[in-house]
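[1] Starting from these lines, generate the structure:
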Amino acid sequence: MAQLSRGLKNRQPVNLSSFTIIILTLVLATGLTLTSKTFLSANNMLSILYGVSINFYGTIGFVYLMVMGELDLSVGSVYAFSGMMVGMLMRNRMPLAPALLIALGLSALIGLINGFLVVKFKVASMMITLGTMAAVRGVANLLTSNLYGYPYRPAYQALSRVRVGGIHFTTIFMVAALVVLEVLLKRATVFKKMFIVGENPETARIYGIKAGRLKIIVFTVTALLAGAGGILTGARLGFADSTIGNGLEFTILTAVVLGGASLSGGKGSILRSVIGLIFLAMITTGMIVHNIEPLIQQLIVGLILIITVFIDTRMGRMGAMALKQHRAVRQGESRA
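    Residues are numbered from 1 along each chain as shown. Got it, this is the predicted structure:
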């Protein structure tokens, strides 16, 4: 056990570009402040944080899946499904509490299925969750057609209006969760195990880490949290909308990669991923303020995703080459 702790401590990844997204966000905020009188207003800042705090639910598990070298492209569909499921159950006179539990339970089941299929059959998570994304979106669309024209129950909509000192509780939850998760990241062995699984599966096997079980758990938690975010999104809108969650998985993926995560695994940060979400939200807000057409907005966000993935791939190759050269030098020294 002591050997495992030392190995985990020694292998915690170091991200040399830790401050890049912070600098980019500060530069963007400065530019928008200088070009818009309303950008820095308290209402606008709280609105941005509120939107980010809802997406934050789907981001938590997504980060740790990427740390382990996996993806979940179904989070956007789960967002749509869970919120509409609560709306459908309450329309059939079910109280709010059991409706929430059922929707969250079904969301977790979707994640459990994703994790089981990925681990059991050793299929790429991108392919499995791409299929899940389409299937769950189809169910969500069916729910939309049945709920069309019916506003959600007042008790459900009231979830979006819960505030503490004038600030949405989801924003407060996000800040509190960030503090807790960053502390656990440095102290909890389970989080360090995730990094080892993503960085070197063979090392994880040697240390006796049950990577399969860990992945199934994180897939389940990812879908559960995505379901929670979808429920809050549904409460915020107040009615069924088939476009809920469309493209959310790519927004989260972009934010997480901007925050220093790698598609090949072994790296990732909740804090920097949230800053990535804020960065993307500020870009969207800036484009709205400057009356840029929605189609152009989608183009810009798409280009950001392409650029971040390209940079991640290039840096991954450079890092692999540097590691290979380092090992060759070490082997040469040991022989000498």
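[2] How much space separates the residue most central in space within the chain from Val256?
    With distances taken as Cα atoms, centre = their mean, the residue of the chain nearest its centroid is Thr59 (1.8 Å). Plainly put, Thr59 is 7 Å away from Val256 if you go by Cβ to Cβ, to the nearest Å. The C-beta positions use only the backbone N, C-alpha and C, and glycine is treated the same way.
[3] Now the common contact residues for these two.
    Overlap between the neighbourhoods of Thr59 and Val256 consists of Ser273, taking contacts as Cβ atoms under 8 Å, 6 or more residues apart in numbering.
[4] picking up where we left off before, so the residue nearest to the centre of the chain is in contact with Ile252, correct?
    Yes - the pair formed by Thr59 and Ile252 meets the contact definition of Cβ atoms under 8 Å, at 5.2 Å.
[5] hang on, the earlier thing: what sits against the residue nearest to the centre of the chain?
    Contacts for Thr59 (Cβ under 8 Å, 6+ apart) come out as Ile252, Ala255, Val256, Ile270, Ser273, Val274, Leu277.
[6] Dump the residues you listed into TSV; add neighbour count, pLDDT and distance to Phe191 as well.
    Converted to TSV, the contacts of Thr59 look like this (neighbours: other Cβ atoms under 10 Å; pLDDT from 0 to 100; distance: Cβ to Cβ, whole Å):
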residue	neighbour count	pLDDT	distance to Phe191
Ile252	28	94	19
Ala255	30	91	19
Val256	29	92	16
Ile270	25	92	10
Ser273	27	93	14
Val274	27	94	16
Leu277	27	94	20
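[7] Need the max-distance pair from these.
    Between all members of the contacts of Thr59, the longest pairwise span (Cβ to Cβ) is found for Ile252 and Ile270 and amounts to 12.0 Å.
[8] After the helix or strand encompassing Val27, which helix or strand is next?
    When elements are assigned from DSSP states H and E, Val27 belongs to helix 20-35. For helix 20-35, the following helix or strand on the C-terminal side (DSSP H and E) is helix 42-67.
[9] Check which helices and strands whichever helix or strand comes after that next one sits against.
    Taking DSSP H and E as the definition, the helix or strand that follows helix 42-67 towards the C-terminus is helix 75-91. Contacts of helix 75-91 with other secondary structure elements, assessed using 3 or more Cβ pairs under 8 Å, 6 or more residues apart in numbering; DSSP states H and E, are made with helix 42-67, helix 96-121, helix 125-147, helix 154-157, helix 211-237, helix 248-258.
[10] tell me what the next helix or strand after the last one is packed against?
    Translated: helix 248-258. The first helix or strand that comes after helix 248-258 along the chain, using DSSP H and E, is helix 270-289. Secondary structure elements in contact with helix 270-289, counted by 3+ Cβ pairs under 8 Å, 6+ apart, are helix 20-35, helix 42-67, helix 169-187, helix 248-258, helix 294-335.
[11] if I pick the nearest residue to Gly247 once chain neighbours are set aside, what's in contact with it?
    With Cβ to Cβ, 6 or more residues apart in numbering as the criterion, Gly247 has its nearest non-adjacent residue at 6.5 Å, and that residue is Gly76. By Cβ under 8 Å, 6+ apart, Gly76 lies in contact with Gly58, Met133, Arg137, Gly245, Asn246, Gly247, Leu248, Glu249.
[12] Output the below-cut-off pLDDT ranges for the stretch 151-300 of the chain.
    Per-residue confidence for the stretch 151-300 of the chain (pLDDT under 70) gives no ranges below the cut-off.
[13] Leaving out the residues flanking it, which one is nearest to Ile102?
    Nearest in space to Ile102, with sequence neighbours left out and distances taken as Cβ to Cβ, 6+ apart, is Leu89 at 6.2 Å.
[14] list the contacts for that neighbour?
    Taking Cβ under 8 Å, 6+ apart as the contact definition, Leu89 lies against Pro98, Ala99, Ile102, Ala103.
[15] For it, give me the pLDDT.
    In this model, Leu89 is scored at 96, pLDDT.
[16] I'd like to know how far it sits from Glu293.
    Here the distance between Leu89 and Glu293 works out to 38 Å (Cβ to Cβ).
[17] Please apply the same query to Val257.
    Note on Val257: its distance to Glu293, by Cβ to Cβ, is 26 Å.
[18] ok, those two, which is more surrounded?
    Higher neighbour count among Val257 and Glu293: Val257, with 24 against 9, using other Cβ atoms under 10 Å.
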